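Undergrad: sequence and computational prediction follow.
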Protein chains: 2
Amino acid sequence: MSRLKPMDHALCEAEKASTQNEVPVGAVIVKVSTGKILVSSHNEMVQRNDPTAHAELLAIQKACRLLGQGRLDDCDIYVTLEPCPMCAQAISFARFRRLYFGAYDPKGGGVDHGAHVFRASSCHYKPEIIGGLNEEKCRALLVDFFQKIRGTAS
Amino acid sequence: MSRLKPMDHALCEAEKASTQNEVPVGAVIVKVSTGKILVSSHNEMVQRNDPTAHAELLAIQKACRLLGQGRLDDCDIYVTLEPCPMCAQAISFARFRRLYFGAYDPKGGGVDHGAHVFRASSCHYKPEIIGGLNEEKCRALLVDFFQKIRGTAS
């Protein structure tokens, strides 16, 4: 499966979030050995009243439930936005083979910015990381969302 | 209420975790305006097959459900171990007034060690932080647990 297919799917999840007044971030987990999408999710912080309900955490929790195991080492995770420090550390704990993300997040990202979670001595497992996949589309969705919220959209 | 009472309660939670073969970490959330314990929890990563099921995350999720809100700014959180980067960022997102923790964690902690989540530019809210509360008891519980696991206990 092309790497773009799961990222397109993650983008659909992000769009779904947007229609629910959630910051449009989507995540998809692919099982490497089958090449199939295992689970997908989007931000649900507003609807769940839960600041931990980020797309990545929800996807990890779903995948673990589905597989009955806490290690996702036969899996890759695709996220439309650079994970925050909370999600980056969860991705490390879950032992993903690879992390793909779309837009970079200089303000809140914890992979290539800020806490740099995977570079810290508190991190004991680092997946392969590919940032900037389908970056433009992923960022455009976020920019549109915040423009609409601020009433500056045409 | 004394600060030791919620930490004692968190220690009981940690002990409960230990009997369930979970790394003994407990967390308690106190509502500041009432001075009462709102929720408590312990690690459940093994029993849930979920690497995100740390005591702190479970407590935050419970408290948000109970209060029907995602902001816990009228709350303090007590944890027996220095939070990891995942939990530290979740504590920031939840806007706790104060974080109290017991034992320091030089290997995996993300507050005073490693990723130093609250000092990073990706962190937009920092609670007041008091580390080393009832440190000896909190650490002893962890040391005992790992000694038993490794078969080096007397």
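TA: Structure received.

Undergrad: strands along chain A, start to end?
TA: A:26-31, A:36-42, A:75-81, A:98-103, A:128-131 (DSSP state E).

Undergrad: parallel or antiparallel, list what pairs with the fourth one.
TA: Looking back up the chat, that one is strand A:98-103. strand A:75-81 (parallel), strand A:128-131 (parallel) (DSSP bridges).

Undergrad: what would the strands of chain A look like in JSON lines with mean neighbour count?
TA: For glycine as for every other residue, the C-beta is placed from the backbone atoms N, C-alpha and C. Formatted as JSON lines, the strands of chain A follow (neighbours: other CB atoms under 10 Å in any protein chain shown):
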{"stretch": "strand A:26-31", "mean neighbour count": "26"}
{"stretch": "strand A:36-42", "mean neighbour count": "20"}
{"stretch": "strand A:75-81", "mean neighbour count": "28"}
{"stretch": "strand A:98-103", "mean neighbour count": "25"}
{"stretch": "strand A:128-131", "mean neighbour count": "14"}
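
Undergrad: quick one: closest of these to residue B:99.
TA: strand A:75-81 (26.2 Å; CB to CB).

Undergrad: in chain A, where is pLDDT below threshold?
TA: Counting by pLDDT under 70, chain A has low-confidence residues at A:1, A:152-154.

Undergrad: show me where it has its helices.
TA: A:4-19, A:45-48, A:55-67, A:85-93, A:135-149 (DSSP state H).

Undergrad: okay, the ones you listed in CSV with distance to residue B:135 and mean neighbour count next?
TA: Formatted as CSV, the helices of chain A follow (distance: least, CB to CB, whole Å; neighbours: other CB atoms under 10 Å in any protein chain shown):
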stretch, distance to residue B:135, mean neighbour count
helix A:4-19, 42, 20
helix A:45-48, 33, 16
helix A:55-67, 29, 23
helix A:85-93, 23, 30
helix A:135-149, 42, 15
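
Undergrad: out of the ones you listed, the one nearest chain B is which?
TA: Set against chain B and scored by CB to the nearest CB, the helices of chain A come closest in helix A:85-93, at 3.7 Å.

Undergrad: ok and the closest one relative to helix A:55-67, angle-wise?
TA: 30 degrees (axes from the mean of the first three to the mean of the last three CA atoms, to 10 degrees).

Undergrad: centre of the chain to helix A:85-93, how far?
TA: Relative to its chain's centre, helix A:85-93 lies at 10 Å (CA atoms, centre = their mean, to the nearest Å).

Undergrad: that helix near chain B anywhere?
TA: Yes - applying CB under 8 Å from any CB of the partner chain, one finds helix A:85-93 touching chain B at A:85-90, A:93.

Undergrad: want to throw those residues into a markdown table with distance to residue A:120?
TA: Below are these laid out as a markdown table (distance: CB to CB, whole Å):
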| residue | distance to residue A:120 |
| --- | --- |
| A:85 | 9 |
| A:86 | 14 |
| A:87 | 15 |
| A:88 | 10 |
| A:89 | 9 |
| A:90 | 14 |
| A:93 | 14 |
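
Undergrad: list the contacts of the nearest residue to residue A:55 once chain neighbours are set aside.
TA: Among residues not flanking residue A:55 along the chain, residue A:27 sits closest, at 3.9 Å (CB to CB, 6 or more residues apart in numbering or on different chains). By CB atoms under 8 Å, 6 or more residues apart in numbering or on different chains, the residues touching residue A:27 are A:10, A:13, A:40-42, A:55-56, A:58-59, A:77-80.

Undergrad: need the strands of chain A in a markdown table with distance to residue B:63, can you?
TA: Below are the strands of chain A laid out as a markdown table (distance: least, CB to CB, whole Å):
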| stretch | distance to residue B:63 |
| --- | --- |
| strand A:26-31 | 24 |
| strand A:36-42 | 22 |
| strand A:75-81 | 26 |
| strand A:98-103 | 29 |
| strand A:128-131 | 33 |
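
Undergrad: quick one: which of the ones you listed is nearest residue B:46?
TA: That would be strand A:75-81 among those, by CB to CB, at 19.6 Å.

Undergrad: now the closest one and strand A:36-42, what's the angle there?
TA: Going by the same axes, to 10 degrees, strand A:75-81 makes 30 degrees with strand A:36-42.
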